[in-house]
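here is the input, now give the coordinates:
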Amino acid sequence: MKRFYIVLLFQILSLPALKAQDTLAFPYSWQGKWQGDLEIYTAKGLSQSVPMELHILPTDSTNRFTWTIIYGEDKEAGKRPYELVILDAEKGVYAIDEKNSIQLEGYFIKDKFFSRFEVMGNLLLTTEQLVGEELIFEIIVGKMTPVSVTGNEVINGDTIPPVQAFPLKVMQRAILHRQ
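This next block holds a predicted model:
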């Protein structure tokens with residue numbers, strides 16, 4: 001019976017370490033050259049499809065990986081040689097270094113990598129998620145100008161805060177496979 005409790009105690013004590021290891025598996029388990037087609041959708045449906053690659057490879061630095069995105073057939077013209085920077089893996093905080101003074105913070109939560117930023121009046125949400133043998137890449141784009149503001153009233157003594165809704169214009173999605 002004592003042996004059962006010792007084994008059970010070991011298993012319980014190992015759980016936090018296993019969870020930390022799962023979180024720390026990113027980006028190591030994502031390494032490789034990924035390829036597929038990026039499909040671009042609007043409310044009218046599929047508007048364009050282009051070949052896409054994402055290369056996640058180690059560099060000489062211990063806290064950086066390549067995060068090279070290639071759009072289209074011309075692999076040089078369509079190349080975006082970014083890097084993924086590990087800022088605090090235990091907290092899930094990273095950055096995409098675009099190598100041109102732009103660094104976009106990213107967050108690894110559960111099993112998905114998120115980055116949300118605004119550029120030229122557009123709010124973008126990017127996500128990448130490893131699902132089995134597929135890497136799902138998505139970008140959602142819409143204007144920062146709200147299409148409506150509701151709430152901002154007192155109802156039955158409760159103060160309802162204002163809530164702004166923002167439009168969505170484009171969704172880009174690719175299902176990528178390791179080459």
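
and Ser61, how far from Asp97?
Distance of Ser61 to Asp97, computed by CB to CB, to the nearest Å: 11 Å. Every residue, glycine included, has its C-beta placed from N, CA and C.

ah, wrong one, I meant Gly72
Note on Gly72: its distance to Asp97, by CB to CB, is 22 Å.

and what of Lys112?
The gap separating Lys112 from Asp97 is 20 Å, by CB to CB.

and stretch 149-164, what's its mean pLDDT?
Averaging pLDDT along stretch 149-164 gives 96.

span of that stretch from start to end?
The straight-line separation of the ends of stretch 149-164 (CA to CA, to the nearest Å) is 4 Å.

same question, stretch 101-114
Distance between the two ends of stretch 101-114: 20 Å, counting by CA to CA.

returning to that earlier point: which one of Gly72 and Asp97 has more residues nearby?
Neighbours per residue, other CB atoms under 10 Å: of Gly72 and Asp97, the larger number sits with Asp97, 17 against 13.

mind listing what the more buried one touches?
Residues in contact with Asp97 (CB atoms under 8 Å, 6 or more residues apart in numbering) are 64, 82-85, 103.

quick check: closest non-adjacent residue to it.
Nearest non-adjacent residue to Asp97, counting by CB to CB, 6 or more residues apart in numbering: Glu83, 4.5 Å away.

tell me where this structure has helices.
Per DSSP state H, the chain carries helices over the ranges 2-24.

pLDDT below threshold where in it?
Where the chain drops to pLDDT under 70, the residues are 1-24.

same thing but at 50, please
Residue ranges of the chain with pLDDT under 50: 1-21.

so which residues of it form strands?
In the chain, the strands defined using DSSP state E lie at 32-42, 45-56, 64-71, 79-88, 93-97, 103-109, 112-119, 122-131, 134-143, 148-155, 158-165, 170-178.

can I get those in a markdown table with distance to Ala25?
Output for the strands of the chain, formatted as a markdown table (distance: least, CB to CB, whole Å):
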| stretch | distance to Ala25 |
| --- | --- |
| strand 32-42 | 14 |
| strand 45-56 | 13 |
| strand 64-71 | 13 |
| strand 79-88 | 12 |
| strand 93-97 | 13 |
| strand 103-109 | 10 |
| strand 112-119 | 12 |
| strand 122-131 | 9 |
| strand 134-143 | 14 |
| strand 148-155 | 41 |
| strand 158-165 | 36 |
| strand 170-178 | 16 |
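
nothing else from me, thank you.
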